[in-house]
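> attaching a predicted model along with its sequence, questions to come.
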Amino acid sequence: MSAFDDRAPPEIFTPSGLNRLVRDLLEDALPMGVWIEGELSNVARPASGHVYFTLKDASAQVRCAMFRTAASRLRFRPADGMHVLMRAKVGLYEARGEFQLVADHMEPAGEGALQREFEQLKARLGAEGLFNAERKRALPAFPRRIGVITSPSGAAVRDVLSVLGRRFPLAEVDVLPVPVQGREAPPAIAAMLRKASACGRYDVLLVTRGGGSLEDLWAFNDEDVARAIHASAVPVVSAVGHEVDFTIADFVADLRAATPSAAAELLVPDGVDLQHRLDRLRQRMTTLTTRRLQAAAQRADHWQARLNAQRPQARLARDGQRLEALHRRLVMTAGQAGALRRARLERLQARLAAQHPRLRLAPSQRRLSDLRQRLAASMARRLERQRARLTEQARTLHAVSPLATLERGYAIVFDERDGIVRRAGDVAVGERLRVMLGDGELHVRRDD
């Protein structure tokens, strides 16, 4: 009898069943996957889009796979000899019974540490208030001088200069050369920021470089650079990397631009738009000026008409008409008074004739004589008063007449258009003039 007779019959596995059991045990033991770091070798990328490789260290290796969906998210191309950090699920490839890792994330080794350092610095500077929105300054609308802190040989500076020259060639642009990658880059960038801020030459500063990996952009995640941007006396624009890249400099700067070209567009206005605005303003100013000139011309015409109405000739004509009217009224008044007196005399004569008694003839004659004398005296006195009044009015009118002024030695000078000359500067050399005096006129010509 066999030695197995007193035991339970053993469970017998097939190769696939055993491999399935081992796979389940591995997946149950590490359900969340593991982070693993090592060196790539035997990297293969077939047409399917999957990536197959071996991850090894000095004493061991493990087969790995990254399927197409996860591989499409890689920001670099895996290659033999590259040191990487990988997140993967542990499993078993049943068909071959091979232990393997299925990766869903991979990054160059060291980038994860840089990312953690980035997040720590970001949190610390944010807690200090370096990222606060209220400290962000507005960019000048029309910067006269712009300082561009970047590598003088990179593509970023060419893009910036091209856009600035096209949009706003009036701005002076100085390229302030610094290294943008490597150990010497952070202190050089920070020193240039402080120097440019202190010189007082620039209205705004641009810190920029082209795209790259997190390690390539690390100079702009430096604390000294961040504090130099924060302490700058002029606004600072940061445009580091591509649109998806963010650095500490972006958070501290007064404005972050997605790309160097976008930063150049934000720094200066569009010259074509400004020209259109100037054309519209010039047209509006011309229209307003024309309207104001027309209104001024209308006012000038109005005042000229009023001035013509106040000329001495016009006033003299009006006063003459008034004097003539007064004379007519005087004559009419005197005539009416004489008629009344004649009618009264006739009545008295009729009464005298009716009362003809010879005894009363002499007294009546005396009374008649007395009445005649009184009438004559009254007529004389009234006529004398009217004559004195007329003389006084004539004297008053003569006093305001320009002719009286001329009799005192003054003169009125008329130009060739019969306009009154008020200033010597209004008369041109050689122009003929008419001079009105109190007793006549002179015709002269200016020689000097």
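Received it, and whenever you're ready, just let me know what you need. Numbers count the residues shown, from 1 in each chain.
> can you list the domain ranges for this structure.
What automatic domain parsing lists as the domains of the chain is 15-109, 130-269, 343-399, 412-445.
> look up the pLDDT of the residue sitting nearest the centre point of the chain for me, please.
Compute the mean C-alpha point of the chain, and by C-alpha atoms, centre = their mean the closest residue is Ala141, 8.3 Å away. Ala141 carries a pLDDT value of 87.
> equivalent analysis for Ala300, please.
Looking at Ala300, the pLDDT reads 83.
> from Thr286, how far off is it?
The gap separating Ala300 from Thr286 is 21 Å, by C-beta to C-beta, to the nearest Å. Backbone N, C-alpha and C define where each C-beta goes, glycine included.
> do the same with Asp270
24 Å.
> show me the longest helix that occurs in the chain.
helix 312-354 (DSSP state H).
> kindly check the end-to-end length of stretch 61-70 for me.
Stretch 61-70 has its terminal residues 22 Å apart, counting by C-alpha to C-alpha, to the nearest Å.
> look up how far Arg347 lies from Ala354.
From Ala354 across to Arg347, the span is 11 Å (C-beta to C-beta).
> I misspoke; the intended subject was Ala155.
Distance from Ala155 to Arg347, by C-beta to C-beta: 132 Å.
> do Ala300 as well
For Ala300, the distance to Arg347 - C-beta to C-beta - is 68 Å.
> list the buried ones in stretch 329-348?
Using 16 or more other C-beta atoms under 10 Å as the burial criterion, none of the residues of stretch 329-348 qualify.
> ok, stretch 363-372 next?
Neighbour-count burial for stretch 363-372 [16+ other C-beta under 10 Å]: Ser364.
> before we move on, what about stretch 52-68?
Going by 16+ other C-beta under 10 Å, stretch 52-68 has these buried residues: Tyr52, Phe53, Thr54, Leu55, Val62, Cys64, Ala65, Met66.
> let me know the helix or strand that the third one is in.
Of the helices and strands defined by DSSP states H and E, Thr54 is found in strand 51-56.
> what's downstream of that strand, the next helix or strand?
Next along the chain after strand 51-56, taking DSSP H and E as the criterion, comes strand 61-66.
> which helices and strands sit right next to that following strand?
Contacts defined by 3 or more C-beta pairs under 8 Å, 6 or more residues apart in numbering; DSSP states H and E place strand 61-66 against strand 51-56, strand 83-93, strand 98-108.
> compute the inter-axis angle for the shortest one and strand 61-66.
Right, strand 51-56. Using axes from the mean of the first three to the mean of the last three C-alpha atoms, to 10 degrees, one finds that strand 51-56 and strand 61-66 are set 150 degrees apart in direction.
> packing partners for strand 51-56?
With contacts defined as 3+ C-beta pairs under 8 Å, 6+ apart, the packing partners of strand 51-56 are strand 34-44, strand 61-66.
> what's the angle between the shortest one and strand 98-108?
Calculated by the same axes, to 10 degrees, strand 61-66 forms an angle of 70 degrees with strand 98-108.
> just checking: what are the partner strands of strand 61-66?
Using DSSP bridges, strand 61-66 pairs in its sheet with strand 51-56 (antiparallel), strand 98-108 (parallel).
> tell me which residues of stretch 197-207 come out buried.
Quick answer for stretch 197-207 (16+ other C-beta under 10 Å): Ser197, Tyr202, Asp203, Val204, Leu205, Leu206, Val207.
> and Met436, what helix or strand is that in?
Taking DSSP H and E as the definition, one finds Met436 inside strand 432-437.
> following that strand, which helix or strand shows up next?
Per DSSP H and E, the helix or strand that comes after strand 432-437 is strand 440-445.
> helices and strands around that following strand, which ones?
Counting contacts by 3+ C-beta pairs under 8 Å, 6+ apart, strand 440-445 packs against strand 432-437.
> what lines up beside the strand it packs on in the sheet?
Strand pairing for strand 432-437, determined by DSSP bridges: strand 412-414 (antiparallel), strand 440-445 (antiparallel).
> distance between the last one and the chain's centre?
When you say that, I think you mean strand 440-445. 63 Å (C-alpha atoms, centre = their mean, to the nearest Å).
> do the same with stretch 109-123
The answer for stretch 109-123 is 43 Å, by C-alpha atoms, centre = their mean.
> show me the contact partners of it.
Identification of contacts with stretch 109-123 by C-beta atoms under 8 Å, 6 or more residues apart in numbering yields 37, 83-85, 213-215, 218, 221, 223, 226, 248, 251.
> and the residues you listed, which of them are buried?
Val84, Leu85, Leu214, Trp218, Asn221, Ala226, Ile248, Phe251.
> quick one on the thing from earlier: want to throw the strands paired with strand 432-437 into CSV with distance to Glu117?
Putting these into CSV (distance: least, C-beta to C-beta, whole Å) gives the following:
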stretch, distance to Glu117
strand 412-414, 97
strand 440-445, 99
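> tell me the most buried of the ones you listed?
Among these, ranked by average contacts under mean count of other C-beta atoms under 10 Å, first place goes to strand 412-414 (a mean of 16).
> JSON lines please, covering the helices and strands packed on strand 51-56 and showing mean pLDDT and distance to Tyr410.
Listed next are the helices and strands packed on strand 51-56 as JSON lines, based on pLDDT from 0 to 100; distance: least, C-beta to C-beta, whole Å:
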{"stretch": "strand 34-44", "mean pLDDT": "89", "distance to Tyr410": "115"}
{"stretch": "strand 61-66", "mean pLDDT": "92", "distance to Tyr410": "115"}
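> nearest to Phe76, out of those?
Phe76 lies closest to strand 34-44 among the helices and strands packed on strand 51-56, at 11.1 Å (C-beta to C-beta).
> direction included, what does the closest one pair against?
The strands beside strand 34-44 in its sheet (DSSP bridges) come out as strand 51-56 (antiparallel), strand 83-93 (antiparallel).
> okay, helices next: where are they in the stretch 51-200 of the chain?
All helices of the stretch 51-200 of the chain, identified by DSSP state H, counting those that start in this stretch, fall at 68-71, 111-128, 155-167, 185-199.
> distance to Thr290 and mean pLDDT added to the strands paired with strand 34-44, as CSV?
Below are the strands paired with strand 34-44 laid out as CSV (distance: least, C-beta to C-beta, whole Å; pLDDT from 0 to 100):
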stretch, distance to Thr290, mean pLDDT
strand 51-56, 76, 93
strand 83-93, 75, 85
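> roughly how far apart are Leu281 and Val272?
According to C-beta to C-beta, Leu281 stands 15 Å off from Val272.
> same thing with Leu55?
Leu55 sits 57 Å away from Val272, going by C-beta to C-beta.
> and if you look at Arg280?
With C-beta to C-beta as the criterion, Arg280 and Val272 are 13 Å apart.
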